[in-house]
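Asks: Here is a sequence with its predicted model. Questions after.
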Amino acid sequence: MSNNIKKISECKREIEIEIPAKETMEEFKRIIVQYSSRAKIRGFRPGKAPEEIIKRMYYPEIEEMLINSLVPKALNKELKDNNIVPVGQPVVSDLHFKEGEPFRFKAQIEVWPEIHLPEYKNMKVKKRKASVTEKEVKESLEQLRMKSAQYVPLKGRGVADGDYVVAEVKGQDAKTKRFLPTEKVVILAGHPENDEILNQNLLGLKEGEQSSFTIRYKKGHQNKKLAGREIDYDLKVESIKEKKLPEIDDDFAKDLGNYKNLKDLKTKLKDQLLESKKNAQKREMAEDIVKNISEKMMLELPETVVEQESVAQLNRHLSALPQQDLSKDDLESLKKDARERAVQNIKNHLILNKIAEAERLSVSEEEMTEEMKAIAKAHSVPLSRVVESINKEGKREELRNNLLLKKTVDFLAESAIIE
């Protein structure tokens, strides 16, 4: 087998591959025998039909099978022999097959660019001050208070904002008159993600009372089954639960965990907030350094990867926007922004990985275990469940890589000169 590799750009290679005629014809005849053994041709027993008849009847299929057999095998061998790791799927072209001649084809592949880092140690960054205000401590306390809220059954008054309502909902398409399945749902009254008409008709209803209303859904509504439709609803309240918030006092602090009193809770909250801000500042310093490094480098990126990351960025941004019809110009602007973010994210990732490699940074099994313990604690689940989930979903290496990037960020921040 012979080949010729051309460097089209920093991220693109073209390989011309030629498979000898002998090897090609051996595979060609093997496929013909395979077709002959399965073909049902009048006048011939299976496997006994002449080769010329089999070729005349099944030539396009035989040729396609030959290509599918030879191309991946030959291409993978050439990539391995030349230590080329492709990004995405190769694009195969210029296929040439003629009986008795070598099989030839071309393949274009994308690869990661070679990275030559500029000086990245002892870079100057601006000093950032970390401090925590009493207002921030109060806000954290209030968040803890909200998480500790209890919902108790309510009698004697109608629904108010913040109540949890169990309701039976019946819907009918105003145009087709078809009924939707009757549902029993739990609604947080007044929640901004509820339809405004629903919130308006829910307020004031008592247990057992009903309300009828119509909602006209926009064409871009996130629920595709409802998008663009007009639905008449009958809603009946079955039960109401009222939110009860605890008082912020010593008992509240003790109920939350290992705190002596409210003062002790506030002190530890302040320490946690300060540590969080310091970590955020460390990340910001590292981002400044990586940005500085990136601006000094001319780095071409594989278009396949940029396109995939651009789509992911755009989808995340669109999912965070309220449901609305975007103009063509708005969408194009969002696509442009998504691509710019994608390019910067990929560059940052490559730079951090290269620095980790240069500094021989690694993540130990002990560090992996500690991170999984932190995940378990943050989500209040057993460590065994976190380990099982990560292993089952095949995300162990992803977790290790994320930890390695964090360690690289810490290294850059610690090696920086703070002005």
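Replies: All right, it came through fine.

Asks: Let me see the ranges of the helices in the stretch 251-400 of the chain.
Replies: For the stretch 251-400 of the chain, the helices defined by DSSP state H, counting those that start in this stretch cover 262-295, 303-320, 328-358, 365-378, 383-392, 396-415.

Asks: buried stuff in the first one?
Replies: When you say that, I think you mean helix 262-295. Of the residues in helix 262-295, 262, 265-266, 269-270, 273, 277, 281-282, 285-286, 288-290, 293-294 count as buried by neighbour count, 16 or more other CB atoms under 10 Å. Any C-beta I mention is one placed from the backbone N, CA and C, and that applies to glycine too.

Asks: follow-up on the earlier one: closest to K12 out of the helices of the stretch 251-400 of the chain?
Replies: Nearest of the helices of the stretch 251-400 of the chain to K12, taken as CB to CB: helix 303-320 at 8.4 Å.

Asks: Pull the residues that contact that closest one.
Replies: Contact with helix 303-320 is made by 11, 87-88, 110, 334-335, 337-339, 341-343, 345-346, as judged by CB atoms under 8 Å, 6 or more residues apart in numbering.

Asks: Same question for stretch 158-175.
Replies: Contacts to stretch 158-175, defined as CB under 8 Å, 6+ apart, come from residues 151, 154, 178-180, 182-190, 202-206, 209, 214, 229-243.

Asks: for the chain, which strand is longest?
Replies: If each strand of the chain is counted by residues according to DSSP state E, the longest one is strand 230-244.

Asks: CA atoms only: put it into PDB for me.
Replies: This file holds the C-alpha atoms of strand 230-244, laid out as PDB (Å, rounded to 0.1, in the frame of the first residue of the first chain):
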ATOM      1  CA  GLU A 230     -55.700  28.000  21.700                       C
ATOM      2  CA  ILE A 231     -56.700  25.900  24.700                       C
ATOM      3  CA  ASP A 232     -59.800  26.300  26.900                       C
ATOM      4  CA  TYR A 233     -59.100  25.100  30.500                       C
ATOM      5  CA  ASP A 234     -61.200  24.100  33.400                       C
ATOM      6  CA  LEU A 235     -59.200  24.000  36.700                       C
ATOM      7  CA  LYS A 236     -60.400  22.700  40.000                       C
ATOM      8  CA  VAL A 237     -58.400  23.300  43.200                       C
ATOM      9  CA  GLU A 238     -58.100  20.000  45.300                       C
ATOM     10  CA  SER A 239     -55.700  21.200  48.000                       C
ATOM     11  CA  ILE A 240     -53.600  24.200  49.000                       C
ATOM     12  CA  LYS A 241     -50.400  24.300  51.000                       C
ATOM     13  CA  GLU A 242     -49.000  27.400  52.500                       C
ATOM     14  CA  LYS A 243     -45.300  28.200  52.800                       C
ATOM     15  CA  LYS A 244     -44.100  28.500  56.400                       C
END
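
Asks: Who are the packing partners of that strand?
Replies: With contacts taken as 3 or more CB pairs under 8 Å, 6 or more residues apart in numbering; DSSP states H and E, strand 230-244 sits against strand 150-153, strand 164-173, helix 196-202, strand 210-216.

Asks: make it 7 Å
Replies: strand 150-153, strand 164-173, strand 210-216 (3 or more CB pairs under 7 Å, 6 or more residues apart in numbering; DSSP states H and E).

Asks: Would you mind putting the helices of the stretch 251-400 of the chain into CSV with mean pLDDT and distance to E139 alongside?
Replies: Output for these, formatted as CSV (pLDDT from 0 to 100; distance: least, CB to CB, whole Å):
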stretch, mean pLDDT, distance to E139
helix 262-295, 89, 9
helix 303-320, 88, 23
helix 328-358, 90, 29
helix 365-378, 90, 19
helix 383-392, 89, 29
helix 396-415, 89, 27
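
Asks: Using a markdown table, lay out these together with distance to I67.
Replies: As requested, the helices of the stretch 251-400 of the chain are exported to a markdown table (distance: least, CB to CB, whole Å):
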| stretch | distance to I67 |
| --- | --- |
| helix 262-295 | 42 |
| helix 303-320 | 23 |
| helix 328-358 | 33 |
| helix 365-378 | 44 |
| helix 383-392 | 38 |
| helix 396-415 | 34 |
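
Asks: which one of these lies closest to D251?
Replies: Closest approach to D251 among the helices of the stretch 251-400 of the chain is made by helix 262-295 (8.8 Å; CB to CB).

Asks: Point out the other helices and strands that that closest one packs with.
Replies: The elements that helix 262-295 packs onto, with contact taken as 3+ CB pairs under 7 Å, 6+ apart, are strand 124-125, helix 134-147, helix 250-256, helix 328-358, helix 396-415.

Asks: Give me the angle between it and helix 396-415.
Replies: Taking axes from the mean of the first three to the mean of the last three CA atoms, to 10 degrees, one finds helix 262-295 and helix 396-415 inclined to each other by 90 degrees.

Asks: coming back round to it: what's the most buried one of the helices and strands packed on strand 230-244?
Replies: Mean neighbour count, computed with mean count of other CB atoms under 10 Å, is highest for strand 164-173 among the helices and strands packed on strand 230-244, reaching a mean of 17.

Asks: Any idea how far it is from the middle of the chain?
Replies: Centroid separation for strand 164-173 versus its chain: 33 Å, with CA atoms, centre = their mean, to the nearest Å.

Asks: quick check: angle from the helix or strand following it to strand 164-173?
Replies: Scanning forward in sequence from strand 164-173 by DSSP states H and E, the next helix or strand is strand 183-188. Here the directions of strand 183-188 and strand 164-173 differ by 130 degrees (the same axes, to 10 degrees).

Asks: Flag every buried residue along strand 183-188.
Replies: 187-188.

Asks: packing partners for it?
Replies: On a contact count with 3+ CB pairs under 7 Å, 6+ apart, strand 183-188 meets strand 164-173.

Asks: Number of residues surrounding V125?
Replies: 19 (other CB atoms under 10 Å).
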